[in-house]
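> what would the 3D arrangement of this be:
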Amino acid sequence: MTENKIFKKQQWSFTLLNFVVFTLIFALFGLIISTIVKNTLYSKTDEELMNFKGRIEQVQNEEREIGVPSSGNGQPRFGEGLFNPRMVTLKWNEDKEIINQEEIGSDIIAYYFQDLIPDFKQLDTIHNITVDTNTYRTLIFKSNNESSETAYIQLLFNVDAEQSIIENFEKILILCTVLALLLSITASYLLARKTMKPIIQSWNRQLDFVENASHELRTPLTIIQNKLEMLLTVPNARIIDKFENIALSLSETRRLSKLTTDLLTLARADSSETQLVKEWFEADDFVKHVCMPYVEIGELDDKKVQLHLHSNMEIEADKSRIHQLLVILLDNALKYTAEGDEIIVSTNVEDQKLVIEVKDTGIGISEESKKHIFERFFREDKVRTREKGGIGLGLSIAQWIVSSHHGTIQVKSNGNKGTIFKIKLPKKQKF
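Okay, the predicted model is just below:
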């Protein structure tokens, strides 16, 4: 129950974190899009305002040079291509009074601009203002015609259409952002669940690993403790009289030592602490060297161990780990074969990869067990395996060795009797 609460709490933490990230992304995205749209819509307007300002200043300079007003106090002629019906030019004196009412029309001034107060502090800066119910882009600059009553000129460009587009766009953007945030809540929750899956699986594997390891460690330790306590009860006894107790204690000590070594190997593999030391070597010679002692052991147990080595290729691999891999498979083959059975170790090449097969005619593995054979502490027959000294870690280590060399390992039936372990190791180019 406590574990479930921890997992749920962590899952909601991930959900909140994902939601915050999505929110920030959507907000930033909306801000960028809104800014781009505004700048795009106003760019043409601002360009016209600046061009019109430049033309007014040019006309005023011409008037000042010749001393004769050429277009009515610095106003460009309509025929010069700069006139826009959406633009209004207001001329102000120092007292903030409009002095070109007759040019524009007194009715227009009275209706639209009678309450307009110019802000002479924002000179040469284009910005938005609202006059009555209309929105304008405006630009105020000083008049350079000293002989005129005009002190400031204000250009106003009606942008009601652009403002309407921006407002509608912002409404759509806000609506889409809200919908995106609602969807992001669902996405955040699903992502959090997906994130938690490997964590939960790792946690469960760790619990199973600790539980199984504790169980495996407890058994030999209990046996050793019991036998030593029995020896303490007869301090004057001779070694030969307690030979079985001592031998069993030593056997369990060796099993305990192998178990701790295997556990350490797997722990280092999980943390990626173990580094492979690769080198180039001839595969067939190496396999033969590793298998020769097992040929002799097989003869002593009336089991036939044969070598069919036909790869004739070099590979780059960690010799000590490949040695450990072969030892694990050969040990299993000898454990689960009876007198008269046969074990065949073969090598060949498939798709430019080294293939190593270890076949036996032993008791075999059931189809259901093949699905779990590489899991840690898995044993098909726990009683029989314990009698043979197995702890269910060998094949897990074998799988790690093969995968660390970017290879594959498979298990299948050897016809009606026995098992085949097939390993494929890639061959790298030798430079």
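> ok, the residue most central in space within the chain to residue 347 distance?
The C-alpha lying nearest the average C-alpha coordinate of the chain belongs to residue 195 (Cα atoms, centre = their mean; 10.3 Å). Using Cβ to Cβ, to the nearest Å, one gets 43 Å for the distance from residue 195 to residue 347. C-betas here are computed from N, CA, C, even on glycine.
> over to residue 36?
In terms of Cβ to Cβ, residue 36 sits 65 Å off from residue 347.
> equivalent analysis for residue 198, please.
On the measure of Cβ to Cβ, residue 198 and residue 347 end up 36 Å apart.
> so between the two, which is more surrounded?
residue 347 (21 against 9; other Cβ atoms under 10 Å).
> hmm, back to that, name the helices or strands packed onto the host helix or strand of the residue nearest to the centre of the chain?
Residue 195 is located in helix 160-233, with elements delineated by DSSP states H and E. Judged by 3 or more Cβ pairs under 8 Å, 6 or more residues apart in numbering; DSSP states H and E, helix 160-233 is in contact with helix 2-66, strand 134-142, helix 243-270.
> where does pLDDT dip in the stretch 201-350 of the chain?
The model of the stretch 201-350 of the chain has pLDDT under 70 over residues 212, 215-216, 270-273.
> let's see that with 90 instead.
201-277, 296-297, 300-301, 312, 332, 335-336, 338 (pLDDT under 90).
> contacts only, for residue 338.
Residues counted as contacts of residue 338 (Cβ atoms under 8 Å, 6 or more residues apart in numbering) are 303, 362, 363.
> could you redo the last one with a cut-off of 7 Å?
residue 362 (Cβ atoms under 7 Å, 6 or more residues apart in numbering).
> helix, strand or coil for it?
coil (DSSP: H, G, I helix; E, B strand; the rest coil).
> from residue 400, how far off is it?
30 Å.
> kindly report the same for residue 413.
24 Å.
> which one of the two is surrounded by more residues?
Legend: neighbour count by other Cβ under 10 Å for residue 413 and residue 400, higher for residue 400 (20 against 14).
> now the phi/psi pair for that one, please.
Backbone torsions of residue 400, given as degrees, to the nearest 10, read phi -60, psi -40.
> run a quick neighbour tally on residue 275.
The number of residues packed near residue 275 is 9, by other Cβ under 10 Å.
> surely it is in a helix?
No - the assignment for residue 275 (three-state DSSP) gives coil, which keeps it out of a helix.
> ok, residue 277 - contacts?
Residues near residue 277 by Cβ under 7 Å, 6+ apart: residue 318.
> can you give me the distance of it to residue 321?
Taken as Cβ to Cβ, the span from residue 277 to residue 321 is 9 Å.
> what of residue 93?
Relative to residue 321, and taking Cβ to Cβ, residue 93 is found at 94 Å.
> which one of these two has more residues nearby?
The neighbour comparison of residue 93 against residue 321 (other Cβ under 10 Å) goes to residue 321, with 21 against 14.
> from the contact counts, what lies against the helix or strand in which that one is found?
Secondary structure assignment for residue 321, by DSSP H and E: helix 319-335. In terms of contacts (3 or more Cβ pairs under 7 Å, 6 or more residues apart in numbering; DSSP states H and E), helix 319-335 is packed against helix 283-300, strand 353-360, helix 394-404.
> export those to a markdown table and tack on distance to residue 426?
Formatted as a markdown table, the helices and strands packed on helix 319-335 follow (distance: least, Cβ to Cβ, whole Å):
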| stretch | distance to residue 426 |
| --- | --- |
| helix 283-300 | 12 |
| strand 353-360 | 5 |
| helix 394-404 | 11 |
